[in-house]
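Enquirer: I need the structure of the sequence given here:
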Amino acid sequence: MIWRRLLVRSDTSVVRLHQILQVAFAWQDMHLHRFEIRGREYGVNQDGGVVFDTDAHKALIGQLELGRLERFTYEYDFGDLWVHDLRIEAALPLDPKRVYPVCIGGRRAAPPEDCGGPHAFMATRLTFTVVGESRSRHELDDLVDEVDDEQWGILRHYHPDRFDRRAINRRLAALAAPSQERL
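Expert: Here you go, the predicted model:
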């Protein structure tokens, strides 16, 4: 399982939460997305995309009154269909010495952007695990049927068990840098 544990302020908007998740998973925000919270969809209206009734800029996490361990979903890349199960684990007092958002835990590398969705990712990850990262492209072609250039790029640079919390927190700190204002 791939997961991240994040501390975010209760005055974080749903739009900002999307940005935080993009950073936590090292994605590039190249695709449409939406949250489904208690049967309502939240997102940002874009030409050619889904239209949302609720303004995600004004929807704040703390105002959604989600209960402890209540689940909601975040869907990213409607073509690849990445559906993330999110939940509020606890409401904690703010620590004035801490910069928010912050990643306090996680496991495994996130799926690379545009890797084909959960099924393609798992097949590629399995191939990578079987083949190993020290193989050359020629050796890989001999061992695995039809590895295209995109898959080869994923296999060459993806380290499935690597999780770098410090790198995520550097990127999150840069996201928070504009005086922690909300969008």
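Enquirer: for residue 74, list the residues it contacts.
Expert: 17, 18, 21, 33, 34, 35, 83, 84, 86 (Cβ atoms under 8 Å, 6 or more residues apart in numbering). Placement of C-beta: from N, CA and C, glycine included.
Enquirer: for the closest residue to it other than its chain neighbours, give me the pLDDT.
Expert: Excluding the flanking residues, the one nearest residue 74 by Cβ to Cβ, 6 or more residues apart in numbering is residue 84, at 4.3 Å. At residue 84, the model reports a pLDDT of 94.
Enquirer: run through who's touching whichever strand or helix holds residue 84.
Expert: If you go by DSSP states H and E, residue 84 is part of strand 82-87. Strand 82-87 is touched from outside by 21, 69, 70, 71, 72, 73, 74, 75, 76, 111, 117, 118, with contacts defined as Cβ under 8 Å, 6+ apart.
Enquirer: partner strands of that strand, parallel or antiparallel?
Expert: In the sheet, strand 82-87 lines up against strand 71-76 (antiparallel) (DSSP bridges).
Enquirer: next secondary structure after the strand holding residue 84?
Expert: strand 102-107.
Enquirer: could you dump that next one to CSV, C-alpha only?
Expert: Taking Å, rounded to 0.1, in the frame of the first residue of the first chain, the C-alpha atoms of strand 102-107 are listed here in CSV:
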residue,chain,number,x,y,z
VAL,A,102,3.6,18.9,6.7
CYS,A,103,4.0,15.2,5.9
ILE,A,104,4.6,13.1,9.1
GLY,A,105,4.6,9.7,7.6
GLY,A,106,4.2,7.6,4.5
ARG,A,107,5.2,4.5,2.7
